[in-house]
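K.L.:
Below are the sequence and a predicted model for it; my questions follow.
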Amino acid sequence: MTEFNMPLILIVEDEPKIAQLMIDYLQAANYRTHHLARGDEVVAFVKHTPPNLILLDLMLPGLDGLSVCRELRRFSDLPIVMVTAKIEEIDRLLGLEIGADDYICKPFSPREVVARVKTILRRCQRPPEEIAPPSPLVVDEMRFQASWAGKALDLTPAEFRLLKTLAQEPGKVFSREQLLNHLYDDYRVVTDRTIDSHIKNLRRKLEALDADQPFIRAVYGMGYRWEADECRLI
Ligand code: CA
């Protein structure tokens, strides 16, 4: 792990010995640390250099830990661990719902602090965003070609236009009249039955490539809708 990747822990503690103990143990556990001894310096520091976690003492010169925590929560959801000298103080803090993620009571074992920091950082790590696989349907407008999962579809111009219209808006029901408007550039005498017949052929061609996939559904009395993934236009 390079230094750049190491999580930064901000220690806000006005007792130098306790602060040094935390610094030593956290650095030994591969964390970077920064130490502040005053409560009124925290917000400015966090805005400038957001740490991965804050260990925040309750009794501090300048501004108390409670107020610091509240101010931080106005603009940040970074993990905050409140450190207090009184065990009974924790119940009061919990009741205030100040938005801290955990509480540690003094005197504490530095190992316990490191263990808590690790646990909280793990919990707060956002799961990697799920990347949706690209749609298997590709519609190439320039070349008037379409493919499903890499297999080319041999479509008439009317089928191509129907496919493009429907698959650009999955789930939307298109009436036969709306589909007719997308069908031909020039004026032709067409009927609703024309659409049904094109849809039937288009479905047959799609299902020949993938029999398990529902592609186009007829919505009784209304029209048709695309049931598969939105197409990728190229
Ligand atoms: Ca203190």
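P.N.:
Yep, that arrived. Residues are numbered from 1 along each chain as shown.

K.L.:
other SSEs contacting the helix or strand of the chain with the lowest mean pLDDT?
P.N.:
Averaged element by element with mean pLDDT, DSSP states H and E, the chain has its least confident helix or strand at helix 87-96 (a mean of 73). Here helix 87-96 touches strand 80-84, strand 102-105, going by 3 or more Cβ pairs under 8 Å, 6 or more residues apart in numbering; DSSP states H and E. C-beta coordinates here come from the backbone N, C-alpha and C atoms, glycine included.

K.L.:
ok, of these, where does mean pLDDT dip lowest?
P.N.:
Comparing mean pLDDT across those, the weakest is strand 102-105, with a mean of 88.

K.L.:
what's in contact with it?
P.N.:
55, 79, 81-87, 89-90, 93-94, 112-113, 116, 120 (Cβ atoms under 8 Å, 6 or more residues apart in numbering).

K.L.:
How much space separates the residue nearest to G150 when sequence neighbours are not counted from the ion?
P.N.:
Ranked by Cβ to Cβ, 6 or more residues apart in numbering and with sequence neighbours excluded, the top spatial neighbour of G150 is P136, at 7.8 Å. For P136, the distance to the ion equals 60 Å [Cβ to the ion, to the nearest Å].

K.L.:
same deal with Q20?
P.N.:
14 Å.

K.L.:
okay, now that residue: neighbour count?
P.N.:
13 (other Cβ atoms under 10 Å).

K.L.:
Near the ion, which residues of the protein are found?
P.N.:
D14, D57, M59 (Cβ under 5 Å from the ion).
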